[in-house]
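Novice: Structure here, sequence nowhere to be found:
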């Protein structure tokens, strides 16, 4: 009875509130250009479809745009225009989107259909004629507005696996009038269903300045939250922290009937019930894609193969995915203060996951007793240092008699106190903005630093070192870089670390102790050996790079290897492999006439393309291929 009275009194305002929220969301979506019903699904409209990629998904060096629609592992499914419009661009390339069409619509938005196997006959004829007239597989055509009009639901091509696609699928985008990808799901396609909420694997607390600690340490604290029956997550024990910190999350979304992992494109952080941060990856410019390295912890991803999304805006992050950029998300924790933190994670279908944790302001500096201190093998666990933004951290095996270390810089010496202790180690922190030391000593141990200079991130900068020049463009870096470099021998050298994110290439000029030779090139040594386009200028070799680490100069004198896989009236296909620098250029003639070739780097395959109608598929084919070092192979065969 009491409940019924309460319900009559309170439910009407609640319904009005919910309807108001729904109406506002609908109007806001339309304001952004999300008009439901304007587009039809480009593959088998009206049927259920599964996705292999979603809007805003975190890829290695970019945010994924649009949707990757599964095609059941096959190619050749009919692809239809999503709305009335005209074909405004036709592009064919070996990598990237492969064979791709762009349709501009009456609302000034553009739909994109990528990795196609084939266009319609009229478009194929235009593409082929253009390729032969330009003698190039790569083409980029912008037809006049009225040349190729299309109707909603009209066939425009068939699905495939061209370009950088790793498996057959249709990549589908809708772009705004400024050519920024939008979230197709927001247009209300009923062909895609998702009723599952995002999954959370880890929560991290990241100290953000030299005075901050997480459980007493200046390092990322990673905690596995407990999943509750209602689908939410909780960290049951309070987290001890002090100073300026940020919360990070390792998460992905999912959907029924598939094991694919998707992006979580919307998040909000509440501190003591008040919103302090939010982001939504529903629209992002291509020229901002590299800032994924500011949105995530790039260094941790490179070291540990874990992707943590930052629930705070890092310095240097210029992404436009934050509804209120003034809400930075950084949390200042004072001694003995208690805070509740709630993370709200949403997918594109508004399925929500909630994560709750509590933070208490404690520095928790550990003090070990002598009998608890284990012996340390210096050979297995030597002293080391690492750098986080402007803070350098030195680690030494703990000596109970020593609480201070000495920093040396030229003739100057400064004594510093231990910052904290953990697991039989003692740590010293130093703000590099106060000066770059040469070395540090603690007890009878010392570390010599190899920091050559400080590179600012906000302007162009040229560094001239011994046998090395680096040219940084403005905003090449996320933050200040404390640069180190060294030569291992006459041909191998180190520049910085591979954990440094770049937004623009850095131009490098090296003076090695080698005799210049055109076949000598620079290679980046990581998991793979990657050739970097190199050029000799007198006794110096120049190249550009978007990664630091270990480089070496190698001599490539072996030309590409070409072998025939198939030669019949239907197809001519080669296996092409180069042992070092990689495939550079290739060209073929049939009876002296240039012919089209189709190169698929992911398979190491090179095929004879379609011939013009007037050309006979018979005679002598001559194939010339060079690698990136200039070594050439020529093959002649009869077809």
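Specialist: Looks like it arrived, so ask away. Fair warning: this is a prediction, and the values are worked out from it, not measured in the lab.
Novice: how long is stretch 51-70 from one end to the other?
Specialist: Criterion C-alpha to C-alpha, to the nearest Å; first-to-last residue distance in stretch 51-70 is 5 Å.
Novice: Identify all contacting residues around it.
Specialist: 42-43, 49-50, 112, 167, 169-174, 181-185, 192, 253, 255, 258, 260, 262-265, 281-282, 284, 286, 289-290, 292-293, 295-296, 307, 309, 347-348 (C-beta atoms under 8 Å, 6 or more residues apart in numbering). (Each C-beta comes from the backbone N, C-alpha and C, glycine too.)
Novice: What ranges does the stretch 251-400 of the chain have for its helices?
Specialist: Using DSSP state H, counting those that start in this stretch, the helices of the stretch 251-400 of the chain run over residues 292-295, 298-304.
Novice: tell me the most buried of these?
Specialist: helix 292-295 (a mean of 22; mean count of other C-beta atoms under 10 Å).
Novice: Show me what it is packed against.
Specialist: Here helix 292-295 touches strand 309-310, going by 3 or more C-beta pairs under 8 Å, 6 or more residues apart in numbering; DSSP states H and E.
Novice: for the strand it packs on, what is the average pLDDT?
Specialist: Average pLDDT, strand 309-310: 98.
Novice: repeat for stretch 62-81
Specialist: Mean predicted lDDT for stretch 62-81 stands at 97.
Novice: what does stretch 435-447 give?
Specialist: 94.
Novice: What of stretch 516-526?
Specialist: Mean predicted lDDT for stretch 516-526 stands at 94.
Novice: Return the distance of it from the chain's centre.
Specialist: In terms of C-alpha atoms, centre = their mean, to the nearest Å, the centre of stretch 516-526 is set 27 Å apart from its chain centre.
Novice: Enumerate the positions of that stretch that are buried.
Specialist: 520, 521, 522, 523, 524 (16 or more other C-beta atoms under 10 Å).
Novice: what do you get for stretch 147-155?
Specialist: In stretch 147-155, counting by 16+ other C-beta under 10 Å, buried: 148, 150.
Novice: Straight-line length of it, end to end?
Specialist: Termini of stretch 147-155 sit 16 Å apart (C-alpha to C-alpha).
Novice: Show the backbone phi and psi for residue 185.
Specialist: phi -60, psi -30 (degrees, to the nearest 10).
Novice: what would the helices of the stretch 251-400 of the chain look like in CSV with mean pLDDT and distance to residue 506?
Specialist: Formatted as CSV, these follow (pLDDT from 0 to 100; distance: least, C-beta to C-beta, whole Å):
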stretch, mean pLDDT, distance to residue 506
helix 292-295, 96, 15
helix 298-304, 95, 16
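Novice: need the strands for the stretch 151-300 of the chain, in chain order.
Specialist: Here the stretch 151-300 of the chain has its strands, by DSSP state E, counting those that start in this stretch, at 155-158, 169-175, 199-207, 213-214, 221-223, 226-227, 233-234, 239-252, 266-271, 274-280.
Novice: which residues are in contact with stretch 232-245?
Specialist: 200, 203, 205-209, 211-216, 221, 223, 225-228, 330-335, 338, 353-364.
Novice: give me the beta-bridge partners of the nearest residue to residue 270 once chain neighbours are set aside?
Specialist: Ranked by C-beta to C-beta, 6 or more residues apart in numbering and with sequence neighbours excluded, the top spatial neighbour of residue 270 is residue 342, at 4.2 Å. Residue 342 forms beta bridges with residue 270, residue 356, as assigned by DSSP bridges.
Novice: what pLDDT does residue 342 get?
Specialist: The predicted structure lists residue 342 with a pLDDT of 98.
Novice: Pull out the buried residues from the contacts of stretch 232-245.
Specialist: 200, 203, 205-209, 212-216, 221, 223, 225, 330-331, 333, 353-357, 359-363.
Novice: Quick one: neighbours of residue 605, just the number.
Specialist: For residue 605, the neighbour count with other C-beta atoms under 10 Å is 15.
Novice: Find the residue closest to it in space, skipping its chain neighbours.
Specialist: Using C-beta to C-beta, 6+ apart, the nearest residue to residue 605 is residue 573, at 5.9 Å.
Novice: For the one you found, what are phi and psi?
Specialist: phi -130, psi 140.
Novice: wait, what's in contact with it?
Specialist: Listed by C-beta under 8 Å, 6+ apart, the contact set of residue 573 reads 564, 565, 566, 567, 605, 606, 607, 608.
Novice: just residue 384 next, same as before
Specialist: Contacts of residue 384 (C-beta under 8 Å, 6+ apart): 394, 395, 447.
Novice: 6 Å instead, please
Specialist: residue 395 (C-beta atoms under 6 Å, 6 or more residues apart in numbering).
Novice: One more: residue 394?
Specialist: 385, 428, 440.
Novice: gap between the two ends of stretch 280-294?
Specialist: So stretch 280-294: terminal residues 15 Å apart, C-alpha to C-alpha.
Novice: And the contacts of that stretch?
Specialist: In contact with stretch 280-294 (C-beta under 6 Å, 6+ apart) are residues 56, 62-63, 180, 182-183, 265-266, 314, 316-317, 319, 321, 478, 501, 503.
Novice: okay if I get the buried residues of stretch 516-526 as a markdown table plus distance to residue 627?
Specialist: Formatted as a markdown table, the buried residues of stretch 516-526 follow (distance: C-beta to C-beta, whole Å):
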| residue | distance to residue 627 |
| --- | --- |
| 520 | 13 |
| 521 | 10 |
| 522 | 15 |
| 523 | 13 |
| 524 | 17 |
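Novice: Among the residues you listed, which ones are in strands?
Specialist: Using DSSP state E, the members of the buried residues of stretch 516-526 that fall within strands are 520, 521, 522, 523, 524.
Novice: Out of those, which two are the most distant from each other?
Specialist: 520 and 524 (15.0 Å; C-beta to C-beta).
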